[in-house]
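[1] show me the folded form of this:
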Amino acid sequence: MEEEKIISLIRERDERGEEELLRCYGPLMRYVIAPILPDEHDREECLSEAALRVWERIGQYDSARGSWTAWLTAIARNAARNRLRGAWYAAQTGEIPPDHPAPGLTPEEEMLQRERQEELKRALGRLRAGERILFYRKYYYMQSTEQIAAELGLTTRAVEGRLYRIRGKLRRLLGGETHD
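    Numbering: from 1, shown residues only. Alright, predicted model coming up:
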């Protein structure tokens, strides 16, 4: 089923939209969730949570701001990270956090975070496409170096070296120090 049809079904609150979302994009969402959550049960629950978030937040999707798959992978990634944070907090304290998944930022913190994100986005835009993809796979999608190496047909050491050089280049672009 086409992306536009799935979006339309979800916006119309037709349950077939969620079914088609999971059928067509479930494998992609699982791929994003898997490196973050080691437990299979947690991954499946997270996939359900991510699908629910898509259903609830479909009004926030704007194709002018980014692609459908980028929006979906961001939702899946954030759902997995929130689930991981909640599990860590529960393990440390023996209780569920009162404001799970995380307390909100102050307006000042939100503004600073947006500024840092924009600065990083501009710096990432100055990287070559391959470098940018490698950076996102490691630090945004939290894939292991071993997984990246296997999927790209490289050695783990080669991926680590490339990531080291990318971090150095980003530090220079962001005006930071140049050692690792």
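[2] which residue lies nearest the spatial centre of this structure?
    Centroid check for the chain by CA atoms, centre = their mean gives Arg77 as the closest residue, at 3.4 Å.
[3] tell me which residues in stretch 31-40 are buried?
    For stretch 31-40, burial by neighbour count (16 or more other CB atoms under 10 Å) applies to 32-37. For glycine as for every other residue, the C-beta is placed from the backbone atoms N, C-alpha and C.
[4] redo these as a markdown table? Include pLDDT, distance to Arg114 and secondary structure.
    Written out in a markdown table, the entries for the buried residues of stretch 31-40 read as follows (pLDDT from 0 to 100; distance: CB to CB, whole Å; DSSP: H, G, I helix; E, B strand; the rest coil):
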| residue | pLDDT | distance to Arg114 | secondary structure |
| --- | --- | --- | --- |
| Val32 | 92 | 23 | helix |
| Ile33 | 93 | 26 | helix |
| Ala34 | 91 | 29 | coil |
| Pro35 | 90 | 26 | coil |
| Ile36 | 90 | 24 | coil |
| Leu37 | 90 | 27 | coil |
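[5] correct me, but the residue nearest to the centre of the chain touches Tyr140?
    Yes. In this structure Arg77 lies within contact range of Tyr140 using CB atoms under 8 Å: 6.9 Å.
[6] shaky segments in this structure?
    Scanning the chain for pLDDT under 70 picks out the ranges 1, 87-105, 176-180.
[7] show me where it has helices.
    Using DSSP state H, the helices of the chain run over 3-11, 15-33, 40-57, 68-93, 107-125, 129-135, 145-152, 156-173.
[8] neighbours of Leu127, just the number please.
    16 (other CB atoms under 10 Å).
[9] if you could redo that for Asp62, that was the one I meant.
    If we define neighbours as other CB under 10 Å, then Asp62 has 8 of them.
[10] now the phi/psi pair for it, please.
    Taking degrees, to the nearest 10, you get phi -130, psi 110 for the backbone angles of Asp62.
[11] could you do Thr155 as well?
    Dihedral angles for Thr155 - degrees, to the nearest 10 - are phi -80, psi 160.
[12] contacting residues around the closest residue to it other than its chain neighbours?
    Leaving aside its chain neighbours, Thr155 sits nearest to Ala149 (6.0 Å; criterion: CB to CB, 6 or more residues apart in numbering). Listed by CB atoms under 8 Å, 6 or more residues apart in numbering, the contact partners of Ala149 are 155-156, 158-159.
[13] quick check, nearest of the residues you listed to Ser8?
    Nearest to Ser8 among those is Val159, at 39.9 Å by CB to CB.
[14] surely that closest one is in contact with Gly153?
    No. Taking contacts as CB under 8 Å, Val159 lies outside contact range of Gly153: 10.6 Å.
[15] compare those two (neighbour count), which wins?
    Neighbour count, other CB under 10 Å: between Val159 and Gly153, Val159 has more, with 23 against 7.
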